[in-house]
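Novice: When you get a sec, could you give me coordinates for this:
(one chain, ligands or ions: 2)
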Amino acid sequence: MTLLSIRDLDKSFAGARALGGASLEVRAGEVHALMGENGAGKSTLIKVLAGVVKPDAGTIEIDGAPVAIASPAEALRLGLRFIHQELSVVPHLSVAENIFLGRDYPRRWGVWIDWDGLNRRAAAVLAGLGVSHIQPARKMARLSVGDQMLVKIAAAFQDASLEGGAPARLYVMDEPTAALSAEESQRLFAVIRRLRAAGAGIVYVSHRLDEVMELADRLTVLRDGSTVATRDIAGLQKLEVIELMIGRRFAEGYPPRLAPVSDEVALGVEHLSTAYLQDVSFEVRKGEILGLAGLEGAGQSEVIRAIVGADGGHDGAVSLAGRPVRIEEPVSAWQKGLAFLPRERRQEALVPSASIAGNVSLPHLDDLVRFGLVLDRAAEAEQAVELGRQVKLKAKGPRQKVRELSGGNQQKVVFARAIAGKPEVLLLDEPTRGVDVGARYDIHALLRELTAEGKAVVLASSDLPELVYMADRVIVFRDGKVATTVSTEGLDQAGLAALCFGAPAAPSA
Ligand SMILES: Nc1ncnc2c1ncn2[C@@H]1O[C@H](COP(=O)(O)OP(=O)(O)OP(=O)(O)O)[C@@H](O)[C@H]1O
Ligand SMILES: [Mg+2]
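Specialist: Ligands and ions are numbered 1, 2, ... in the order given. Predicted coordinates for the structure are as follows:
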């Protein structure tokens, strides 16, 4: 039975077409994946359905009846629930208040808000997701991005028996797992399957193809704002999906290494310790890619953050090309020739209201100032154009505001900035998360070029094939310590997974 039918949506922003002939049909009781490259129009289509963006043309029907969705309240009333790609949380309110935002709070004698009752209800909603580690009374701002995402998911899944409203019929999730660990993702999938079994429709957006193939029943592919295909997942090959998305043949794989690793050490880390990390030591040579692996939160991100001074002090020594350095905060890392790509890029690294060029040059302003006085705007724009080309940025030009870009293209801006300062060492935390398959390949190719020029790369990733194929060696972390260091020669994905889970070191080390 067709639950939702979207036909021929058009939407342009200031003359630039985001959607043109976008259609989507979702049945009750199915998980329907919405796929497409960065900038294909997925989030825009979702925002139209949510009453956030007004379309220029097109129709929406629910249960065969045309509807006009002029506001988010209207969408809620129609039984639609959304988890948007940008997390919109109210940081100074509590977890419980964020969960019940815009809903009716429980009250005592119909007057005073029953805070205990509210917190109890929030705890129950979170428990439904298998989440017990988040306190309902905590301020949202104090949570990690992953935990904030879990709260938003809980908010979308809460009991939908709203005053006068329809129960939830359709859940729309725009990259819900981008900030979640593997375990949290699995819990989310269990909830999604329960909702599907109960007859709800689910629209699911993700750039993780394996996840989509596991979870979805059907998929619809958008390319440049138009629907190009809808298919059953059963019998479909991953490669076919990729080719539908990019509209051409695609050779799956990884770019080959271009030059051998040198003997010179680019980055040395000795006895690094923080509140969590214990005595971490390693060296990275010029031209080398050193992978950091482990279960979520085992120390991979912490090492990178400690080196650039992101979370306060650490013990131990860091040296660049043999010279000791001490970096107190990430901004000063750039001047020392270290580029840092944080995992939570959009929150931590971007000024959404500034232009692409402004964001790219942010930590490199010294290089762009002429006669020590004026910022060379032409040079700034030129640099942004060149880097944008290298990372295949989809944008109108260097002066476009970052908040107008699609999620994946915002991430590319941060990557462009990382390479803009011509760093000697790149510290990259999940550099390909949220970017589409084509852009992922381009980033990998760029890493090969950079290492061929003698740059050193530290690559923290939860994507095991990425580590196995791109890295020369991999350090496996466990509980804040180095468990083992292995060469990737002869190592496969299963072997690396076993090491992350604590199997004894493979003989290839
Ligand atoms: N408010 C806006 N102003 C101008 N352009 C916009 C705006 N919102 C979206 N766009 C443009 O519309 C196009 C589609 O963007 P959209 O966010 O829908 O892509 P997406 O498929 O969700 O991509 P991603 O996988 O990167 O999240 C992009 O070219 C984007 O720059
Ligand atoms: Mg998007």
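
Novice: quick one, what contacts residue 458?
Specialist: Applying Cβ atoms under 8 Å, 6 or more residues apart in numbering, we find residue 458 in contact with 267, 284, 290, 292, 303, 304, 425, 426, 427, 428. C-beta coordinates here come from the backbone N, C-alpha and C atoms, glycine included.

Novice: Can you verify my assumption that residue 148 contacts residue 89?
Specialist: Yes: with contact taken as Cβ atoms under 8 Å, residue 148 and residue 89 are classed as touching, separated by 5.4 Å.

Novice: Which of the contacts of residue 458 sits closest to ligand 2?
Specialist: Nearest to ligand 2 among the contacts of residue 458: residue 428, at 21.6 Å, using Cβ to the ion.

Novice: looking at the sheet around the closest one, what are its partners?
Specialist: With DSSP bridges applied, the residues forming beta bridges to residue 428 are residue 341, residue 459.

Novice: Can you give me every residue that contacts it?
Specialist: By Cβ under 8 Å, 6+ apart, the contact list for residue 428 reads 304, 341, 418, 457, 458, 459, 460.

Novice: One more: residue 13?
Specialist: Counting by Cβ under 8 Å, 6+ apart, residue 13 has contacts residue 404.

Novice: measure it to residue 40 for me?
Specialist: Relative to residue 40, residue 13 is positioned 15 Å away (Cβ to Cβ, to the nearest Å).

Novice: same deal with residue 199?
Specialist: Using Cβ to Cβ, we find residue 199 at a distance of 29 Å from residue 40.

Novice: neighbour count winner among the two?
Specialist: When residue 199 and residue 40 are compared for neighbours, residue 40 comes out ahead with 27 against 13, by other Cβ atoms under 10 Å.

Novice: Just the pLDDT at the closest residue to ligand 2 within the stretch 351-500 of the chain, thanks.
Specialist: Nearest residue of the stretch 351-500 of the chain to ligand 2: residue 407, at 4.2 Å (Cβ to the ion). Turning to residue 407, the model gives it a pLDDT of 86.

Novice: again, but for the one 4 residues further on
Specialist: According to the predicted model, the pLDDT of residue 411 comes to 85.

Novice: what's the answer for the one 3 residues further on, then?
Specialist: According to the prediction, residue 414 has pLDDT 88.

Novice: In contact with it, which residues?
Specialist: Residues touching residue 414, when contacts are defined by Cβ under 8 Å, 6+ apart, comprise 341, 342, 345, 349, 350, 359.

Novice: Next, format the residues you listed as a markdown table and append distance to ligand 2 and pLDDT.
Specialist: A markdown table is the format used below for the contacts of residue 414 (distance: Cβ to the ion, whole Å; pLDDT from 0 to 100):
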| residue | distance to ligand 2 | pLDDT |
| --- | --- | --- |
| 341 | 20 | 89 |
| 342 | 20 | 87 |
| 345 | 14 | 71 |
| 349 | 18 | 78 |
| 350 | 15 | 85 |
| 359 | 18 | 87 |
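
Novice: Adding distance to residue 319 and neighbour count as columns, could you present the residues you listed in TSV?
Specialist: Rendered in TSV, the data for the contacts of residue 414 read as follows (distance: Cβ to Cβ, whole Å; neighbours: other Cβ atoms under 10 Å):
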residue	distance to residue 319	neighbour count
341	21	22
342	22	21
345	27	23
349	25	22
350	30	19
359	30	23
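
Novice: For the residue in the stretch 151-300 of the chain that ligand 2 sits nearest to, which residues count as its bridge partners?
Specialist: Nearest residue of the stretch 151-300 of the chain to ligand 2, counting by Cβ to the ion: residue 174, 5.8 Å away. Going by DSSP bridges, residue 174 is paired in beta bridges with residue 205.

Novice: what separates it from residue 56, distance-wise?
Specialist: Plainly put, residue 174 is 21 Å away from residue 56 if you go by Cβ to Cβ.

Novice: So for these two, which sits in the more crowded spot?
Specialist: In this comparison of residue 174 against residue 56, neighbours counted by other Cβ under 10 Å, the higher total goes to residue 174 at 22 against 13.

Novice: thinking the more buried one is in contact with residue 81, fair?
Specialist: No: counting by Cβ under 8 Å, residue 81 is not a contact partner of residue 174; they are 12.0 Å apart.
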